[in-house]
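1. model this:
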Amino acid sequence: MAGPVAFFAVFFAYPVAAIVGRGLDVGGAWQFGRIGEVLGDPDILQVLWFTSWQALASTALTLLIALPGAYVFARFDFPGKQLLRAAVTVPFVLPTVVVGTAFLALLGRGGMLDQLWGVRLDTTVWAILLAHVFFNYAVVVRTVGGLWSQLDPRQEEAARVLGASRFAAWRKVTLPALGPAVAAASLMVFLFTFTSFGVVQILGGPAFSTLEVEIYRQTAQLLDLPTAAVLTLAQFAAVGAILALHAWTVRRRESALRLVDPAQTARRPRGAGQWSLLSGVVASVAALILVPLGVLVQRSLDTPGGYGFGYYQALQSQGAGGGTFLVPPVDAIWNSLQYALVATAIALVIGGLAAAALTRRAGPLVRGFDALLMLPLGVSAVTVGFGFLITLDKPPLDLRSSWILVPLAQALVGVPFVVRTMLPVLRAVDGRLREAAAVLGASPLRAWREVDLPMVRRALLVAAGFAFAVSLGEFGATVFIARPDNPTLPVAVARLLGRAGDLNYGQAMALSTILMLVCAVSLLVLERIRTDRSGEF
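-> Residues are numbered from 1 along each chain as shown. Reported below is the predicted structural model:
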């Protein structure tokens, strides 16, 4: 545990604590009264209210749309299932900036709805809610559907034999068993939407602001660190409560059920009702997920001179962005790939050590350590990024001018995915195999190399793929620390969207399409090599 604890202490806890301390420490005295002043401000209360209710609405809408999909993927076997499963997961690994850009191309000025019916939904709450469903659909399908596929269908069939109707059997047998998984998925969706930044920043306009967006505004635009510190504490408290509830539901799900092989539960649809359900799910996936991604590609090719690759060619010119960059925008692609590779290596080392520690030990201390690993998913990435700038500025950690700063911030987001992917597989390794190797004279390192590594090799590759994808799309912290001469893809997209002109907009669409394709290819590779479906991701 020493390595991961030290990593999180230096690159997570220290920057966040420094930001909060600098905001509340005025003249050597802590101004705790500032907390009441900020939280009592009507504008801040409006932000808190919008953050909470849009997260609840997004979670409810996601469950309503995604639960039928979870059932279809769990119980039906049909041609193209793996390809469709990969397609619905693509939005989850996409950067929120790209998600916002895709819905801007669909719902915004000149978008598909605007061209067909003259309807614009950008700068409305509906655009935000639909984008959140798009982003979190896979969370419900993978978390609930993964468990649903392992529930023994004979239990529900036994209830039917005893006289229960189909709905009563589902309500009394299946639903209670799915309860912990539904709760875990709901909490994860609520967490991601509660801390939403890129989607609200692009689609919400000035009318809507979540806590994360307000922290960014107070920090980067108004330089009001005391207000940003109070909002960070409020978000930290809310995220801590959500993660505690999530850990409780996960423990219930792991300990209360007897599961079967998913291959035994899936079958081809039978009857008009099941085929109609499958058709409805495929249609909803096409409308909600494939259409926004397709429109993103279409807008990147729609140049003033007709369809072509003009916007992609313009990415090679430094002056094409109207002074937005010090280098050609295309350099952001190579920068992002380099940063993501280094961040993946860091995340694999830290996450692998953490997963091994969680496998070998138990107790309150380890459960607290497990919760610590998840905090970067919910704590303000804006706070972390700005904290890097004001804390890592003195020897021996003067990293402000170093390229490694960006991969370190990206690795913080990648570590939880590495841990959650590797932990179920490591726990499945029989400890007696290690003991046998030790009896035969193997050192701990050799025992790990000869026993554990062959069994977790696939999980390690999957973990690396997820870490690479989420590192590639990290935006909240990177927007602060990426240098103008080394922008990443999400930062480049955001900067181009922030400037007027069709050329800037077209280049943003082109960069977003490139980023989407890289993430999609990474995910398809993961689906090919993945065999274990028990992990949360």
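
2. what pLDDT does Leu277 get?
-> The model reports Leu277 with a pLDDT of 90.

3. Now for it, how many residues are close by?
-> Using other C-beta atoms under 10 Å, Leu277 has 18 neighbouring residues. All C-beta spots, glycine's among them, are computed from the backbone N, C-alpha and C.

4. Can you list the buried residues in whichever strand or helix holds it?
-> In the assignment (DSSP states H and E), Leu277 maps to helix 271-285. If you call a residue buried by 16 or more other C-beta atoms under 10 Å, then helix 271-285 has these buried ones: Leu277, Leu278, Val281, Val282, Ser284, Val285.

5. And the last one, how close does it get to Leu515?
-> Spelled out, it's Val285. Per C-beta to C-beta, to the nearest Å, Val285 is found 21 Å from Leu515.

6. Could you find the closest non-adjacent residue to Ala467?
-> Spatially, and ignoring its direct neighbours in sequence, Ala467 is nearest to Gly414 (3.5 Å; C-beta to C-beta, 6 or more residues apart in numbering).

7. Ala228: what's its closest spatial neighbour, skipping adjacent residues?
-> Using C-beta to C-beta, 6+ apart and skipping residues adjacent in sequence, the residue nearest Ala228 is Gln218, 4.1 Å away.

8. Hmm, Leu231 and the one you found touching each other?
-> Yes - taking C-beta atoms under 8 Å as the definition, Gln218 is a contact partner of Leu231 at 6.8 Å.

9. Which one of those two is surrounded by more residues?
-> More crowded of Gln218 and Leu231, by other C-beta under 10 Å: Leu231, with 28 against 23.

10. check contacts around Phe236.
-> By C-beta atoms under 8 Å, 6 or more residues apart in numbering, the residues touching Phe236 are Val16, Val379, Ser380.

11. how about a cut-off of 7 Å?
-> Val379 (C-beta atoms under 7 Å, 6 or more residues apart in numbering).

12. all helices for the stretch 151-300 of the chain, in order.
-> Along the stretch 151-300 of the chain, counting by DSSP state H, counting those that start in this stretch, helices occupy 153-161, 166-169, 175-194, 198-203, 211-216, 225-255, 271-285, 291-301.

13. closest one to Ala438 among those helices?
-> Closest approach to Ala438 among the helices of the stretch 151-300 of the chain (C-beta to C-beta): helix 225-255, 28.1 Å.

14. got the angle for the closest one vs helix 175-194?
-> For helix 225-255 against helix 175-194, the angle by axes from the mean of the first three to the mean of the last three C-alpha atoms, to 10 degrees is 160 degrees.

15. any idea how far helix 225-255 is from the chain center?
-> 16 Å (C-alpha atoms, centre = their mean, to the nearest Å).

16. Number the chain from 27, please
-> Got it, the first residue is 27 from now on, which makes the last one we talked about helix 251-281.

17. tell me the mean pLDDT for that helix?
-> The model assigns helix 251-281 a mean pLDDT of 74.

18. one step back: can you add distance to Arg135 and give the helices of the stretch 177-326 of the chain back as TSV?
-> Below are the helices of the stretch 177-326 of the chain laid out as TSV (distance: least, C-beta to C-beta, whole Å):
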stretch	distance to Arg135
helix 179-187	49
helix 192-195	45
helix 201-220	25
helix 224-229	12
helix 237-242	21
helix 251-281	31
helix 297-311	26
helix 317-327	11
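
19. Export only the CA atoms of the helix or strand harbouring Gly491, formatted as PDB.
-> In this structure, Gly491 is located in helix 479-498 according to DSSP H and E. C-alpha atoms of helix 479-498 as PDB (Å, rounded to 0.1, in the frame of the first residue of the first chain):
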ATOM      1  CA  LEU A 479       0.900 -12.800 -14.000                       C
ATOM      2  CA  PRO A 480      -0.300 -15.600 -16.400                       C
ATOM      3  CA  MET A 481      -3.700 -15.500 -14.800                       C
ATOM      4  CA  VAL A 482      -4.200 -11.700 -14.800                       C
ATOM      5  CA  ARG A 483      -2.500 -11.000 -18.100                       C
ATOM      6  CA  ARG A 484      -5.800 -10.400 -19.900                       C
ATOM      7  CA  ALA A 485      -7.200  -8.300 -17.100                       C
ATOM      8  CA  LEU A 486      -4.000  -6.300 -17.200                       C
ATOM      9  CA  LEU A 487      -4.400  -5.600 -20.900                       C
ATOM     10  CA  VAL A 488      -8.100  -4.600 -20.300                       C
ATOM     11  CA  ALA A 489      -7.000  -2.300 -17.400                       C
ATOM     12  CA  ALA A 490      -4.400  -0.700 -19.600                       C
ATOM     13  CA  GLY A 491      -7.000  -0.100 -22.300                       C
ATOM     14  CA  PHE A 492      -9.400   1.600 -20.000                       C
ATOM     15  CA  ALA A 493      -6.600   3.700 -18.400                       C
ATOM     16  CA  PHE A 494      -5.400   4.800 -21.800                       C
ATOM     17  CA  ALA A 495      -8.900   5.800 -23.000                       C
ATOM     18  CA  VAL A 496      -9.800   7.800 -19.900                       C
ATOM     19  CA  SER A 497      -6.300   9.400 -19.800                       C
ATOM     20  CA  LEU A 498      -6.700  10.400 -23.400                       C
END
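
20. Give me the contacts around that helix.
-> With C-beta under 7 Å, 6+ apart, helix 479-498 has contacts from 119, 362, 366, 369-370, 373-374, 377, 436-437, 439-440, 443-444, 447-448, 451-452, 455, 544-545, 548-549, 551-552, 555-558, 563.

21. Can you list the helices and strands that the helix or strand following that helix packs against?
-> Following helix 479-498 in sequence order, the next helix or strand is helix 504-507 (DSSP H and E). With contacts taken as 3 or more C-beta pairs under 7 Å, 6 or more residues apart in numbering; DSSP states H and E, helix 504-507 sits against helix 407-417, helix 431-454, helix 515-523.

22. Nearest approach to Phe129 belongs to which of those helices?
-> Nearest of those (C-beta to C-beta): helix 515-523, 12.3 Å.

23. Now do the closest one against helix 479-498, angle only.
-> Here helix 515-523 points in a direction 20 degrees away from that of helix 479-498 (the same axes, to 10 degrees).

24. Quick check: mean pLDDT of stretch 191-210?
-> On average, stretch 191-210 scores 81.

25. quick revisit: what about the residue nearest to Ala493, neighbour count?
-> Considering only other C-beta under 10 Å, Gly440 is surrounded by 30 other residues.

26. List the contacts of stretch 504-514.
-> 351-353, 358, 361-362, 365, 411-412, 414-415, 429, 431-432, 435-436, 516-517, 520.

27. Can I get the buried ones among those as something I can paste into PyMOL?
-> To isolate the buried ones among the contacts of stretch 504-514 in PyMOL, judged by 16+ other C-beta under 10 Å, type:
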select buried, resi 351+353+358+361+362+365+411+412+414+431+432+435+436+516+517+520
